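Asker: Return atomic coordinates for the entry below.
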Amino acid sequence: MAATRESNTRPGKPAGKEPQPLVIAKTAAEEQRLKLERLMRNPDKPVTIPERPKEWNPRAPPEFVRDVMGSSAGAGSGEFHVYRHLRRREYQRQECMDTMSEKQKMDKEYQEKLQKNNQATAEKTAKRRKKRQKLKEKKLMAQKAKLEEGKDGDGDSGSNSASSSDMVPRKEGDDDAEEPSFVMGGR
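Answerer: Numbering: from 1, shown residues only. Got it, this is the predicted structure:
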């Protein structure tokens, strides 16, 4: 009996822990949930967030080349491999420079596109603001005209004076939630 207990306990593992059941995630959401549960079992344990990997840069070309490749017919068989490595390294360097220039070009185009979009949006907003102001001024002028009409005809009826008191010009800060100043999409 003692032998079976010893075989169940592994060195370095506490005997009190129960083995966790193996759960295979079928969806990405389930996999994320399992990872979060594992993290939250021990909230005091620090979580390491890896740094972004640095962008790969090729070695700079040598300023002084010591072993210059010659075109002599007596080159040894090992020289081909040296040449091959130098050529591969140079091609990698050129490819890296091409991708970096392409990336810079794309970034520049993207920034220009953002600037154009922001400018177009600002122009549209200014145009709509101007239109709203015109509508607001028209409405105020109409209200003032009705007030003038109401003052001219005070003696006619009491209902007219009541309606004119409703048409008091509003300040810019007043909000009327019941009645919109204009209807979107109206023809």
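Asker: list the helices and strands the helix or strand containing Glu123 packs on?
Answerer: Using DSSP states H and E, Glu123 falls within helix 79-152. Judged by 3 or more C-beta pairs under 8 Å, 6 or more residues apart in numbering; DSSP states H and E, helix 79-152 is in contact with helix 158-166. Yep, even glycine has a C-beta here, placed from its N, CA and C like the rest.
Asker: Need the mean per-residue confidence for the helix it packs on.
Answerer: For helix 158-166, mean pLDDT is 48.
Asker: Also stretch 37-48?
Answerer: Model confidence over stretch 37-48 averages 86 on the pLDDT scale.
Asker: where does the protein have low pLDDT?
Answerer: For the chain, applying pLDDT under 70 flags the ranges 1-17, 67-75, 154-187.
Asker: can we see that at 90?
Answerer: 1-25, 35-50, 52-87, 89-90, 149-187 (pLDDT under 90).
Asker: buried ones in the helix or strand Arg38 falls within?
Answerer: Counting by DSSP H and E, the element that carries Arg38 is helix 28-41. For helix 28-41, a neighbour-count test (16 or more other C-beta atoms under 10 Å) marks nothing as buried.
Asker: which residues touch that helix?
Answerer: Residues outside helix 28-41 that contact it (C-beta atoms under 8 Å, 6 or more residues apart in numbering): 23, 25, 47.
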